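> 3D, please:
(one chain, ligands or ions: 1)
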Amino acid sequence: MDHREVKIYGPATVSNVGPGFDLLGFALESPGDEMIIRRNDSGKLVLIDESGCNLPLDPAKNVAAVAAASLLEEVASGEGFELRFTRKINPGSGVGSSAASCVAAVVGINELLGNPLNTMALIPHALAGERIASGATHADNIAPAMLGGITLIRGYDPLDIKHIPYPKDLWCAVVHPEYEVKTVESRKLIPEQVPLKTALTQCGNLAGLVAGLATGDYSLISRSVSDAFAEPYRTGQLPGFDELKQHAIEAGSIGTGLSGSGPSVFSLCRGGDMAASVGRCMQEHFTGRGIRNDLYISRISEAGCKII
Ligand code: HSE
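Residues are numbered from 1 along each chain as shown. Down below sits the predicted model:
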C-alpha cells in the first residue's frame with residue numbers, strides 16, 4: 001500500500017431511530033461519503049471538494065477538517081494532509097452527512113499515521129467535527145458510522161457505546177425530500193425540559209426497541225419506534241407527516257420516523273423487497289405533493305467506515 005494515500009468510505013446513518021434521541025443510530029450500506037486522503041508537505045490541512053456539494057474549504061469551518069485537526073493535535077503530528085471529497089451525502093439531509101465526513105477523515109489520517117489510536121479512541125475526534133455541524137455533542141451518527149451496525153450510546157460522560165444485536169433480515173427505506181435542514185437549527189426547536197410522563201414514555205420505548213432488536217421481536221420493535229422528545233417539534237416542514245407514517249405502516253413498515261433531525265424519513269422493514277415497496281409508498285407521498293426526493297434502500301450495514 002502507498003502510505004501517502006488512502007481512500008475511505010464513510011456510511012450514511014439513521015440516528016434517533018424513534019425513541020433514541022442522541023442515543024441510538026445505525027449504519028446504512030449506502031449512500032456514503034468517499035474521500036481520498038494524501039500526505040502533503042505543507043504541514044497543513046488542504047481541502048479539495050469534487051463532490052459538487054459546495055463544502056466549506058476553510059479548515060476551521062469544515063467538519064472533517066476540524067475532526068482531523070483534533071486527531072492531529074492529540075497525536076502531536078505536525079504533518080499536512082490533503083482531504084479530497086470525491087462523493088458526498090447531501091449535507092442537511094438527515095442521514096449523517098457530517099458524521100460520515102468526520103469519521104472518514106479521522107480513520108484515513110489515523111491509517112496514514114500507522115494507526116496510533118484505536119477505533120474507539122478516534123470517536124471523540126470525529127465528535128469534535130460533528131459539534132460544528134450540530135452545535136452539540138451527539139454521537140448517534142458518529143458511533144454507527146465508525147463502528148457499523150446498530151449502536152447505543154449508554155452514556156456520554158464517559159462515552160460508553162455498545163453494539164445492539166438485530167435481526168439479519170432488518171432493512172431500511174429512507175426517503176430524502178429535497179429540503180435542507182440544519183441540525184443546529186432543528187435542535188433549537190426541541191424543549192429543554194420534558195414532563196416526567198413524557199420521559200417515561202420515551203424510556204419505555206427505547207428499552208422496548210433495544211429488547212425487540214436484540215430478540216428479533218418485530219412486534220415489540222414496531223410498538224417501540226416512536227419519539228416523544230424531538231420528532232413532534234420537527235415535522236412542521238414535512239406536509240402530512242402523520243399521514244405519511246400511517247401509509248408507510250399500512251404498506252408494511254415496522255416503524256417509521258424522522259431520520260436524525262430530518263428531513264429524511266426512515267422505515268424499518270423486514271427484508272429488502274418490503275423495504276423497496278414501503279420506500280415507493282413514502283416516495284409517492286412527496287412526489288404527489290410536488291416535492292422532489294431520493295430513495296435509499298439498504299440493509300443495516302454491519303460495516304462502519306472502511307478503507308476502499
Ligand atoms: N440526535 C441528533 C438530533 C441527530 O436529533 O439532533 C442529528 O442528526
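> all the helices of the chain, residue numbers only.
Secondary structure of the chain (DSSP state H): helices at 63-74, 97-112, 119-134, 142-147, 183-188, 196-215, 218-224, 231-234, 241-251, 272-287.
> okay, the angle between the last one and helix 241-251?
In other words, helix 272-287. 150 degrees (axes from the mean of the first three to the mean of the last three C-alpha atoms, to 10 degrees).
> helix 272-287: how far from the chain's middle?
20 Å (C-alpha atoms, centre = their mean, to the nearest Å).
> just list what that helix packs against, helices and strands only.
In this structure, helix 272-287 packs against strand 170-177, helix 241-251, strand 265-270, strand 293-299, with contacts taken as 3 or more C-beta pairs under 8 Å, 6 or more residues apart in numbering; DSSP states H and E. C-betas here are computed from N, CA, C, even on glycine.
> report the buried residues of that helix.
Using 16 or more other C-beta atoms under 10 Å as the test for burial, helix 272-287 gives 274, 275, 277, 278, 279, 281, 282, 283, 285, 286.
> can you list these in JSON lines and add distance to residue 63 and pLDDT?
Shown next, in JSON lines, are the buried residues of helix 272-287 (distance: C-beta to C-beta, whole Å; pLDDT from 0 to 100):
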{"residue": "274", "distance to residue 63": "34", "pLDDT": "98"}
{"residue": "275", "distance to residue 63": "29", "pLDDT": "98"}
{"residue": "277", "distance to residue 63": "35", "pLDDT": "98"}
{"residue": "278", "distance to residue 63": "31", "pLDDT": "98"}
{"residue": "279", "distance to residue 63": "28", "pLDDT": "98"}
{"residue": "281", "distance to residue 63": "33", "pLDDT": "98"}
{"residue": "282", "distance to residue 63": "28", "pLDDT": "98"}
{"residue": "283", "distance to residue 63": "29", "pLDDT": "98"}
{"residue": "285", "distance to residue 63": "31", "pLDDT": "97"}
{"residue": "286", "distance to residue 63": "27", "pLDDT": "96"}
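> mind putting those into JSON lines with distance to the ligand?
Shown next, in JSON lines, are the buried residues of helix 272-287 (distance: C-beta to the nearest ligand atom, whole Å):
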{"residue": "274", "distance to the ligand": "25"}
{"residue": "275", "distance to the ligand": "21"}
{"residue": "277", "distance to the ligand": "26"}
{"residue": "278", "distance to the ligand": "22"}
{"residue": "279", "distance to the ligand": "20"}
{"residue": "281", "distance to the ligand": "24"}
{"residue": "282", "distance to the ligand": "19"}
{"residue": "283", "distance to the ligand": "22"}
{"residue": "285", "distance to the ligand": "21"}
{"residue": "286", "distance to the ligand": "20"}
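> next one: residue 244 from residue 116, what distance?
Computed as C-beta to C-beta, to the nearest Å, the residue 244 to residue 116 distance reads 46 Å.
> same check on residue 18?
Residue 18 sits 37 Å away from residue 116, taking C-beta to C-beta as the criterion.
> more crowded one of the two?
Ranked by neighbour count (other C-beta atoms under 10 Å), residue 18 and residue 116 place residue 18 first, with 24 against 14.
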